[in-house]
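**Q** fold the stuff below for me.
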Amino acid sequence: VPWATKLPGGPIKGFFIPSIQYGRDMVELMQRIELDPTTDSIDSNWDINCWGIGDFYGHEFRGDRDDFQTVHSYVEKDLAGSAQYEVMLIPGMNGWSRMTRATRDAILRRVQDGAGLVLLHPFVGDVKGHPFKGDEPEGDQRIWEISPLVGVADNTVNESGYPEVNSDAVTKGKWELGQQHFITQGVQLDLLPEGTIGGSFYEYKSQGDVLIKSGASPILAVKNYGKGRVVAMAYVEEGFTPPSINPNESKIYWDYWEYQYSLLARSILWASGRQTPVQIQSLTANDRELRLSLSSQQAQAITIEINGKNEFGQSLGATRTEKALNAGETTITIPASTLTNAVGWPGGRQIFNVIIRDSNNATLNWGAATFTTPKRAMMTSTKPGVDVYKRGETLSAVLRASGNLSGLQMRMHVTDDLGRLLGTL
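**A** Below is the predicted model:
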C-alpha cells in the first residue's frame, strides 16, 4: 500500500541497519514511505553476516565467529561522519554495546541535537558472558538513558557464536492501544496478528509515553531526548517487523503486514520531526458509512483516497473524495454505497485503506478502518486422497464446509508448485 510514497517535504533522509536474512524489509519499507536511506546491512548471525550477501564478497571482509568489527566499522563511518540524518533506525542485533564506542557516542549526540531514533528491541548486550572481538569489558548502560523502554534482560550468545532469544525475558499477549498519539492515529490493532491472536514480546519497563501495551507491559513507547524524538518497540522481531504467521492456523487471511509496515512508517515519520498539518482524530467504518474526523492547522483542500477489500484480498472498489478543510476539526462522512455493490457486503472482515493527500498528491496522513459482517458459510477443510499424485493419476479430495450451504457451490483449483493451473473441480 503506498501509504506515504510522496511526502510534502520530500523523502526522509535516514540511516538504517537492516538484517541480511530479512533485508527485503528495507525495500518493503521504501515502497510504503518516501525515504532517502543510507543502509548498513548487519545480521546477528555471524555466518549469515559473513556469507549471506554472496560468496563473491569473501567472508574475511565481513568478519567471523565472534567478530563483527568490519561491519560495525561501516556504521561508525556513517554515523560518526558529517552526513546529516533526520532519523536513525537501530535494531537490537547482538546488543547496543557491540557497536563501537564512537558509534554509540554519535547516536546519542545526534539525537541530542535533534535527529530521531527508532529502536527495535534495545538491550545492553552480554559482553561479559560472551565477548566479541573488540568489545569493551563492561556493557554500556547509556542505552537506558535514551530508550523509552528499559530494563530488559540480554539475549545470549551460545558456544557456537549464534544469538539465542532469552526466553525468560519474553512473554506473549494481545496488543492494546495506550495513550493517544500521532503514531497510532488511524491504526487498527485488530488488523495486526498481535492485536487479534497476540504475539511475543520482551518484558520491559517504561520511562516514556506508552502508545501500545499488552496488559501492564509496554510494547511501543516514545520520549524526547534532548531535541530529538525516540521510539522503542518491544516485539520479538523478524527483521524490522514481528514474525510472519500461518494464515490457516490463525484464520488471518488479509495482508496484515501492510499494517505492520504502516505502524513502523508512522514511527519513522514522527521520530524524524516532520510536521503533520492534518491529524486523524478518529477513523471508523460500518456497513452504512465511513466516518473520518480530521484536525487541520489551516484551511486547505485535500483529497481522501479510499480503497476497500475483504479479508481474502478481493477488491470492494475505490473512491476519491475532494474536501475543503477549515482550520480546526472537520468531520467527513462517506456513504458505504460508494464502495459496495448491489449484492451487499461479503461475509467476514471488510478493510478500508484511507490516504489523505494535499493538492500536490503528497500524503498528509493515512490510516485504516474495518468492520465485520456475518459469514453465511465457511470452508472448514480440504483433504486430498493422498499427499502426492503422479501425472495421469486421478485426483480425489474431500471438501468440507459449515453454515448455510443452500444454493452454494464449491470450486477447487489444482496448481503445481510453480503456480500453474492443472485443473478445476
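**Q** stretch 139-154 spans what distance, first to last residue?
**A** End-to-end span of stretch 139-154 (C-alpha to C-alpha, to the nearest Å): 10 Å.
**Q** what residues of that stretch count as buried?
**A** Gly139, Asp140, Ile143, Trp144, Ile146, Ser147, Pro148, Leu149, Val150, Val152, Asp154 (16 or more other C-beta atoms under 10 Å). For glycine as for every other residue, the C-beta is placed from the backbone atoms N, C-alpha and C.
**Q** which residue packs closest to the fifth one, ignoring adjacent ones?
**A** By that I understand Ile146. For Ile146, ignoring the flanking residues on the chain, the nearest one in space by C-beta to C-beta, 6 or more residues apart in numbering is Tyr225 at 5.0 Å.
**Q** surely the one you found touches Trp144?
**A** No - contact between Tyr225 and Trp144 fails when scored by C-beta atoms under 8 Å: they sit 11.6 Å apart.
**Q** gap between Asn353 and Ile304?
**A** 11 Å (C-beta to C-beta, to the nearest Å).
**Q** name the residues that touch stretch 76-89?
**A** Applying C-beta atoms under 8 Å, 6 or more residues apart in numbering, the external contacts of stretch 76-89 come out as 12-17, 38, 40, 99-100, 102-103, 105-107, 110-111, 115-118, 120, 240, 268, 271-274.
**Q** from Gly273, how far off is the residue nearest to Ile146?
**A** Distance from Tyr225 to Gly273, by C-beta to C-beta: 12 Å.
**Q** tell me which of those two has more neighbours.
**A** Using other C-beta atoms under 10 Å as the criterion, Tyr225 and Gly273 rank with Tyr225 on top: 18 against 15.
**Q** what residues are up against that one?
**A** Contacts of Tyr225 (C-beta under 8 Å, 6+ apart): Val111, Gln112, Leu117, Glu145, Ile146.
**Q** can you rerun that using 10 Å?
**A** Going by C-beta atoms under 10 Å, 6 or more residues apart in numbering, Tyr225 touches Leu108, Val111, Gln112, Ala115, Gly116, Leu117, Glu145, Ile146, Ser147, Pro148, Gly208.
**Q** please flag which of these sit within helices.
**A** Counting by DSSP state H, the contacts of Tyr225 place Leu108, Val111, Gln112, Glu145, Ile146 in helices.
**Q** using CSV, lay out the residues you listed together with distance to Gly23 and pLDDT.
**A** CSV is the format used below for those (distance: C-beta to C-beta, whole Å; pLDDT from 0 to 100):
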residue, distance to Gly23, pLDDT
Leu108, 27, 98
Val111, 25, 98
Gln112, 30, 98
Glu145, 30, 98
Ile146, 26, 98
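**Q** export the residues you listed as CSV, with columns for distance to Asn94.
**A** Putting these into CSV (distance: C-beta to C-beta, whole Å) gives the following:
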residue, distance to Asn94
Leu108, 19
Val111, 21
Gln112, 25
Glu145, 20
Ile146, 18
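**Q** residue ranges of the strands in the stretch 101-250 of the chain, please?
**A** For the stretch 101-250 of the chain, the strands defined by DSSP state E, counting those that start in this stretch cover 116-120, 149-150, 156-157, 163-164, 170-173, 176-177, 199-202, 205-206, 209-214, 217-225, 228-233.
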